[in-house]
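Visitor: Got a sequence here, can you model it:
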Amino acid sequence: MLNVQEIQEIIKLIDKSSITEFTYETEGATVSLKKSSNAETDVAGQAGSAPLVQQPVSKEAPIQPQPSQQGEEAKQAAAKPDDKESDKGAGIDYDYEIVSPMVGTFYEKPAPESDPYVSKGSKVSDDTVVCIVEAMKLFNEIEAEVSGEIVQILVEDGELVEYGQPLFRVKKQ
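Guide: I've put the predicted structure just below:
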């Protein structure tokens, strides 16, 4: 089976090419990628009879979950109005929120004994990895997608996160 880095590399190559579908089969496992017309990328794989649905992080367009994956809580989080103004009154000044592109488990560091990717006050650029979100045993590195300073970390290490849930607040520079 392909490892996460190989799958991410394939996703990047397909995203940059005119290929719209890709399937890889080996040892009873299948990885299928299909690029839809609105720049969303869906990855579906199967190991035996257990289906796997994974959506990679993309800088080009926000990723929308499959309708079957999006529960009421995710719909409410996505539809929730921006709390920026009320938080500014509480002393939090920020320009941008880094949100979870999928449902999964938030990890602030690459390994239990490692230092966190970022902390409050860390400077980030658009390609800085700020955390990992684990979904279905796949570890997805989440990039800042903006240059600035982390002013607030909104979730704890090991916490379950929803699609669209804010993870960090950033003051743009």
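Visitor: need the contact list for Val170.
Guide: Neighbouring residues of Val170 by C-beta atoms under 8 Å, 6 or more residues apart in numbering: 94-98, 124, 144, 146, 148-151. Glycine gets a C-beta too; all of them are placed from N, C-alpha and C.
Visitor: Closest to Ser17 out of those?
Guide: Taking C-beta to C-beta as the measure, Ala144 is the one of the contacts of Val170 closest to Ser17, at 25.9 Å.
Visitor: Kindly tell me how buried the closest residue in space to the closest one that isn't next to it in sequence is, as a neighbour count.
Guide: For Ala144, ignoring the flanking residues on the chain, the nearest one in space by C-beta to C-beta, 6 or more residues apart in numbering is Val124 at 4.1 Å. Residues near Val124, counting by other C-beta atoms under 10 Å, number 22.
Visitor: beta partners of Val124?
Guide: Here Val124 sits in beta bridges with Gly148, as judged by DSSP bridges.
Visitor: and it, how far is that from Val133?
Guide: Counting by C-beta to C-beta, to the nearest Å, the gap from Val124 to Val133 is 16 Å.
Visitor: The residue nearest to Ala144 reaches Val146, doesn't it?
Guide: Yes. Between Val124 and Val146 there is a contact under C-beta atoms under 8 Å: 7.4 Å.
Visitor: Please name the residues that touch Gln152.
Guide: Contacts for Gln152 (C-beta under 8 Å, 6+ apart) come out as 92, 94, 120, 168-169.
Visitor: Turn those residues into JSON lines, columns for neighbour count, pLDDT and secondary structure.
Guide: Output for those, formatted as JSON lines (neighbours: other C-beta atoms under 10 Å; pLDDT from 0 to 100; DSSP: H, G, I helix; E, B strand; the rest coil):
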{"residue": "Ile92", "neighbour count": "14", "pLDDT": "74", "secondary structure": "coil"}
{"residue": "Tyr94", "neighbour count": "19", "pLDDT": "84", "secondary structure": "coil"}
{"residue": "Lys120", "neighbour count": "11", "pLDDT": "93", "secondary structure": "coil"}
{"residue": "Phe168", "neighbour count": "25", "pLDDT": "95", "secondary structure": "strand"}
{"residue": "Arg169", "neighbour count": "22", "pLDDT": "93", "secondary structure": "strand"}
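Visitor: Thanks a lot, catch you later.
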